[in-house]
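Trainee: Next one to model:
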Amino acid sequence: MTGQQQQQPRIGIVIGSTREGRFGEKPAHWIHEIAKQRTDLAFELVDLREHPLPFFNEAGAPAWGPVKNEAAQRWQAKLATFDGLIIVTPEYNHGPSAVLKNAIDWAYKEFIRKPIGFVGYGGVGAARAVEQLRLVAVEMQMAPVRHAVHIGMVEFLGIWQQGKSFDDFPHLAQSATGLLDDMAWWTRALKTAREAA
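Mentor: Take a look at the predicted model:
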């Protein structure tokens, strides 16, 4: 990593599903490849499989004090290295995956005053899951950005089962550009404000 990259704001791209046969790796790697072409931000893929967390069971919420669970402490330390997050989320039963919500519940101060964006996939592009996650993000004192990528059923099935690629759906790359531009602006603004506080 060059000195310039070390100084760039860092964005974590979180794969929000851990189940066997998940689709989430495909959009996560796709958005990561697009993001890496930028020179204003640095990006890192974060796989929740590498952060196996128990269901949240601490006596107190992370907002009110440190957690005892060592896996959660490692998760918090990883989150603390980022200036913003892009969440790649499925939609299960009109909401985000339980493992993703649980991971959010295991941290707090590591989220505060940072931007968050979304790449959703599924029947309606995970629009309902993303809407719920936006509400959760506000409670975590994050700033959800307006633009998102919604990979609907046609694109999802095309890529997953019909041999198509993201290149076959150029509107997704246009959405990705809007999302990443939003993330860049909000990351710079909020990082400057956090450092001045």
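Trainee: switch to C-alpha atoms for all contacts and neighbour counts from now on
Mentor: Noted.
Trainee: Any stretches of this protein with poor pLDDT?
Mentor: 1-6 (pLDDT under 70).
Trainee: For it, just list every one of the helices.
Mentor: Using DSSP state H, the helices of the chain run over 3-7, 25-35, 70-80, 98-105, 127-139, 153-161, 170-196.
Trainee: among these, which is nearest residue 13?
Mentor: Proximity to residue 13 (CA to CA) singles out helix 25-35 among these, at 7.0 Å.
Trainee: Which neighbouring elements make contact with that closest one?
Mentor: Other helices and strands packing on helix 25-35, by 3 or more CA pairs under 8 Å, 6 or more residues apart in numbering; DSSP states H and E, are strand 10-15, strand 42-47, helix 170-196.
Trainee: Mean neighbour count and distance to residue 150 for the ones you listed - can I get that in TSV?
Mentor: Below are those laid out as TSV (neighbours: other CA atoms under 10 Å; distance: least, CA to CA, whole Å):
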stretch	mean neighbour count	distance to residue 150
strand 10-15	24	15
strand 42-47	19	19
helix 170-196	16	8
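Trainee: Distance to residue 66 for the ones you listed - can I get that in a markdown table?
Mentor: Shown next, in a markdown table, are these (distance: least, CA to CA, whole Å):
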| stretch | distance to residue 66 |
| --- | --- |
| strand 10-15 | 22 |
| strand 42-47 | 22 |
| helix 170-196 | 21 |
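Trainee: pretty sure residue 40 contacts residue 184?
Mentor: Yes. With contact defined as CA atoms under 8 Å, residue 40 counts as touching residue 184 (7.1 Å).
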